[in-house]
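Novice: give the three-dimensional model of this entry:
(one chain, ligands or ions: 2)
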Amino acid sequence: MSAVRLTFWGAAGQVTGSMHMLEAAGGRFLLDAGLFQGHRVDARTLNARVPFDPRRVDGIVLSHAHIDHAGRLPLLVREGFHGPIHATPSSRDLCAVMLPDAAQIQEKDFEFLRRKGTAAPESEPLYTLADALAVQDLMVGVPYRRLTHLRKHLALEFLDAGHILGSASVDLRITEGGNRRIVFSGDIGRSGLPIIRDPEPPTGPIDALIIEATYADRSHESVGDAETRLGEAIRRVAARGGKILIPAFALGRCQEVIYSLHHLYRAGKIPELPIYVDSPLGVDITTVFRMHPEVYDDREHLVASGAGLFDFPLVTYVRDVEQSKALNGLRGPAVIIAASGMAESGRILHHLADGIGDHRNLVLFVGFQAEHTLGRRIQQGEEVVRILGQEYRRQAEVESISGYSAHADRNELRAWVRRLGGPVRRAFVVHGEEAGLGAMATILREEGVREVHVPAHGESFDL
Ligand SMILES: [Zn+2]
Ligand SMILES: [Zn+2]
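Specialist: Numbers count the residues shown, from 1 in each chain. Ligands and ions are numbered 1, 2, ... in the order given. As a prediction, the model looks like this:
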């Protein structure tokens, strides 16, 4: 049999930076090209060092548009990668919005440090807006369940991973020197998430499975409970005349919360109060969602009704800076959804500064808050918090809803593995912290996978 080799260049022993190299059928292919995220200097070093020659990569297969999976595409293009990049059509369109935004954040950060006189060579942007736009020319849209040849003896099929719009599990068939099948799970989502379909694992025997482990050691509350709690919180805070401030990622969480609010509104479960989506990136991403009804879950009542998912009488989309500022003067009940999801940057900071001192208000977290973020400090109930360089005494109520998580928990990961059906010869566990990786390895062994690896960064395996 001819050589097939896997090398793990990211999300190996950690969550971010997803990038795995497959050498097969005489070519070299990357599965994902994600950005490492975390402490500025460490992440910058990891991101800047590409451990192979991008000019000698024959193609990239993208599982989904989150930055920790797609955020290094512009860097590879800048360093000579010339395509193609295979992605689902909705991932392709999300990248057209997400990657230019990532480039502009880096350019703005650098400009800020330069003006402060503290810019070092290692704080230079990894890539520019032009590099991010050049990625788009190399993108090839491949719909779910359409077998596509990457080269003569290597075919690809995308299956819905149920994680975010366009997210895919990647099923690769090698037909040179005997048939082999490699499956990359991508990030695995959950049953019942708003808008998108449920995860659909590939079925049949697998020679090598690369699988994520983010929450393999945890359980989430159900999505249905999350919507019920969202409705309760809004009724309670509206009754006392407060504002509900929701920090939300512009991709995924933002649209899911709008969808839930629309659902609650139609069911008469929230009062008539204005809802502002105050995020230019969130507005752009919502537009991409509108362009892809073909991947919606039509078993959902609201989708099946044919109503515009993101338009109902209460909701207003805010792009303009002046209009955003004007929301600060707003009194009385209202919902404000703004990025960033962990309150580290973006317009949510202004709304928190304005509203955190008022006991009638609620800061409502609908996503994971990493350590050392403002979101985590507020979530943990710190009495005094620093926002935009100023200290504020927190009077607002704080609540967290975990049911909107886009990642399968331990039971859902086990169910996904069971639904593979056929035997899995070898598995490689990636995209997790130590506890999650260990828990996923245990699940796989319990489900009958004999050979389970937790690869280290840069480790290679011949299949
Ligand atoms: Zn993801
Ligand atoms: Zn991820």
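
Novice: give the rounded mean pLDDT of stretch 305-320.
Specialist: Per-residue pLDDT values over stretch 305-320 give a mean of 94.

Novice: to clarify, my last question referred to stretch 244-259.
Specialist: So the average pLDDT for stretch 244-259 ends up being 96.

Novice: skipping its backbone neighbours, what lies nearest the residue in the stretch 101-250 of the chain positioned nearest to ligand 1 in space?
Specialist: Distance from ligand 1 to each residue of the stretch 101-250 of the chain (CB to the ion) is smallest for Asp187, at 3.7 Å. In short, each C-beta sits where N, CA and C put it, glycine included. Distances taken as CB to CB, 6 or more residues apart in numbering place His163 nearest to Asp187, at 4.4 Å, with adjacent residues excluded.

Novice: what's the burial count for the one you found?
Specialist: His163 has 27 neighbouring residues, counting by other CB atoms under 10 Å.

Novice: from what I can see it touches Gly189, true?
Specialist: Yes. With the criterion set as CB atoms under 8 Å, His163 and Gly189 qualify as a contacting pair; they are 3.5 Å apart.

Novice: residues shared between the contacts of those two?
Specialist: Residues touching both His163 and Gly189 comprise Ile196, Pro199, Ala406, His407, with contact defined as CB atoms under 8 Å, 6 or more residues apart in numbering.

Novice: which residues of this protein score low on pLDDT?
Specialist: 1-2, 39-41 (pLDDT under 70).

Novice: any idea how far the residue nearest the centre of it is from Phe312?
Specialist: Centroid-nearest residue in the chain: His66, 4.0 Å away (criterion: CA atoms, centre = their mean). Using CB to CB, to the nearest Å, one obtains 27 Å as the distance from His66 to Phe312.

Novice: please enumerate the strands of the stretch 301-450 of the chain.
Specialist: Here the stretch 301-450 of the chain has its strands, by DSSP state E, counting those that start in this stretch, at 315-318, 334-338, 362-365, 384-387, 390-393, 397-400, 424-430.

Novice: quick one: the ones you listed as a markdown table, columns for distance to ligand 2 and mean neighbour count too.
Specialist: Supplementary listing: those in a markdown table, determined by distance: least, CB to the ion, whole Å; neighbours: other CB atoms under 10 Å:
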| stretch | distance to ligand 2 | mean neighbour count |
| --- | --- | --- |
| strand 315-318 | 27 | 17 |
| strand 334-338 | 22 | 26 |
| strand 362-365 | 19 | 24 |
| strand 384-387 | 28 | 14 |
| strand 390-393 | 32 | 11 |
| strand 397-400 | 21 | 16 |
| strand 424-430 | 10 | 23 |
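
Novice: could I get these as TSV with distance to Ala25?
Specialist: Listed next are those as TSV, based on distance: least, CB to CB, whole Å:
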stretch	distance to Ala25
strand 315-318	46
strand 334-338	46
strand 362-365	46
strand 384-387	53
strand 390-393	58
strand 397-400	47
strand 424-430	19
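
Novice: got CSV for these, with distance to ligand 1 too?
Specialist: Conversion of the strands of the stretch 301-450 of the chain to CSV gives the following (distance: least, CB to the ion, whole Å):
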stretch, distance to ligand 1
strand 315-318, 24
strand 334-338, 20
strand 362-365, 18
strand 384-387, 28
strand 390-393, 32
strand 397-400, 20
strand 424-430, 12
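
Novice: residues in contact with the residue of the stretch 151-300 of the chain found nearest ligand 2?
Specialist: The stretch 151-300 of the chain approaches ligand 2 most closely through Asp187 (4.4 Å), counting by CB to the ion. By CB under 8 Å, 6+ apart, the contact set of Asp187 is 63-64, 66, 69, 161, 163-164, 167, 212, 214, 406-407, 431.

Novice: Leu413: what's it in contact with?
Specialist: Contacts were defined as CB under 8 Å, 6+ apart; by that measure Leu413 touches Ile188, Ile211, Ala213, Tyr215, Ala216, Met440, Ile443.

Novice: longest single helix anywhere in the chain?
Specialist: helix 89-116 (DSSP state H).

Novice: what parts of the chain come near ligand 1?
Specialist: In this structure, the chain approaches ligand 1 at residues His66, Asp187, judged by CB under 5 Å from the ion.

Novice: which stretches of the chain form helices?
Specialist: When secondary structure is read from DSSP H, the chain shows helices at 40-48, 67-70, 73-78, 89-116, 129-138, 223-239, 253-266, 280-290, 301-304, 321-326, 348-355, 374-379, 410-419, 434-446.

Novice: is the nearest residue to Ile348 once chain neighbours are set aside in a bridge, and if so with what?
Specialist: For Ile348, ignoring the flanking residues on the chain, the nearest one in space by CB to CB, 6+ apart is Ala338 at 4.0 Å. Beta-bridge pairing for Ala338 (DSSP bridges): Pro247.

Novice: quick check: Ala338 vs Tyr276, distance?
Specialist: Using CB to CB, one gets 8 Å for the distance from Ala338 to Tyr276.

Novice: ok, Leu193 next?
Specialist: To Tyr276, Leu193 is 23 Å away according to CB to CB.

Novice: okay, and the beta partners of Arg386?
Specialist: Here Arg386, judged by DSSP bridges, has bridge partners Glu391.

Novice: my guess is Leu159 contacts Phe184, does it?
Specialist: No. Taking contacts as CB under 8 Å, Leu159 lies outside contact range of Phe184: 10.6 Å.
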